[in-house]
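Asker: Quick one: sequence and predicted model below, then my questions.
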Amino acid sequence: MKPQDIIKEKSSLWIFGYGSLVWKPDFEHKRRKIGYIRGYKRRFWHGDDFHRGDKEKPARVVTLIADEEACTWGVAYEVTECQVEASLQYLNMREVVQGGYITEMVEFIPKDGHGSVLSLVYIATPDNPIYLGPASDGEIAAQIAICRGNTGHNIEYLVRLAEFMRHHCPEVEDEHLFSIETAVLNIFSNCRELRSNDRKSLLLEVI
């Protein structure tokens, strides 16, 4: 689905983010809502050789994997009128050209329970040349620990996403995300039981 097809005859659009978009949208929007989509699980299975890594050391970033039993939490942004075209042009460069993602439309369910909306989402699939696929938590953590790209360190990406989930969705247990965060932490510290603020500070210190 091309951006020009999405904006045709649309005066507004919802865009769902589940990775860096939850804390760094960088496009104008009317409002944002926290919530989730069904039928997908979030996994650090996609490669990134621009934003958080490079050609020699591609970073690990998240994509969505189809799973009927799963749901993924994040943020949906409503863009209206002139914001629609500008935001899609920006995201096409950020997510498609530089990130290797494709677009799909999904049902977004807000946390506040005020009705679902159809949302655009960016997903990386296995046929992408920089798709990395599954690996153990330790292998993913080791890769995240050493990667840096044009936007910053791969650890920052991991920490910001984990902090978003703890702060905005404390009732949700994202085992994959938190297990990788713990594995990265264990690379730099022998202490497995740290307070949330201590964990964040330690990981951000190393970058």
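Answerer: Structure received.
Asker: chain center to the longest strand along the chain, what's the gap?
Answerer: Counting residues, the longest strand in the chain under DSSP state E turns out to be strand 59-80. A distance of 7 Å separates the centroid of the chain from that of strand 59-80, by Cα atoms, centre = their mean, to the nearest Å.
Asker: Could you number the chain from 44 rather than 1 from now on?
Answerer: Sure, I'll start numbering at 44, so the last one becomes strand 102-123.
Asker: Within the sheet, what are the partner strands of that strand, with directions?
Answerer: Take DSSP bridges as the rule and strand 102-123 pairs in its sheet with strand 55-60 (antiparallel), strand 74-91 (antiparallel).
Asker: tell me the contacts of Arg81?
Answerer: 113-114, 150, 152 (Cβ atoms under 8 Å, 6 or more residues apart in numbering). In this view, the C-beta of every residue, glycine as well, is placed from N, C-alpha and C.
Asker: could you redo these as a markdown table and give each row pLDDT and neighbour count?
Answerer: As requested, the contacts of Arg81 are exported to a markdown table (pLDDT from 0 to 100; neighbours: other Cβ atoms under 10 Å):
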| residue | pLDDT | neighbour count |
| --- | --- | --- |
| Ala113 | 97 | 16 |
| Cys114 | 97 | 15 |
| Glu150 | 96 | 13 |
| Ile152 | 98 | 20 |
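Asker: Which of these sits closest to Asn197?
Answerer: Ala113 (23.8 Å; Cβ to Cβ).
Asker: State the distance from that closest one to Tyr200.
Answerer: Using Cβ to Cβ, to the nearest Å, Ala113 is found at 21 Å from Tyr200.
Asker: hang on, the earlier thing: send me the longest strand of the chain as CSV with only the CA atoms.
Answerer: This file holds the C-alpha atoms of strand 102-123, laid out as CSV (Å, rounded to 0.1, in the frame of the first residue of the first chain):
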residue,chain,number,x,y,z
ALA,A,102,21.0,-3.1,15.0
ARG,A,103,18.0,-5.0,16.3
VAL,A,104,14.7,-3.2,16.1
VAL,A,105,11.1,-4.3,16.4
THR,A,106,8.7,-5.5,13.9
LEU,A,107,5.3,-7.3,14.1
ILE,A,108,4.8,-11.0,13.7
ALA,A,109,1.4,-12.4,13.0
ASP,A,110,0.0,-14.3,16.0
GLU,A,111,-3.8,-14.7,16.5
GLU,A,112,-3.4,-15.0,20.3
ALA,A,113,-1.2,-11.9,20.8
CYS,A,114,-1.7,-8.2,21.0
THR,A,115,0.8,-5.3,20.8
TRP,A,116,0.6,-2.1,22.8
GLY,A,117,1.7,1.3,21.5
VAL,A,118,0.5,4.7,20.5
ALA,A,119,-1.8,5.8,17.7
TYR,A,120,-1.5,9.3,16.3
GLU,A,121,-4.3,11.1,14.5
VAL,A,122,-3.2,13.3,11.7
THR,A,123,-5.6,15.6,9.9
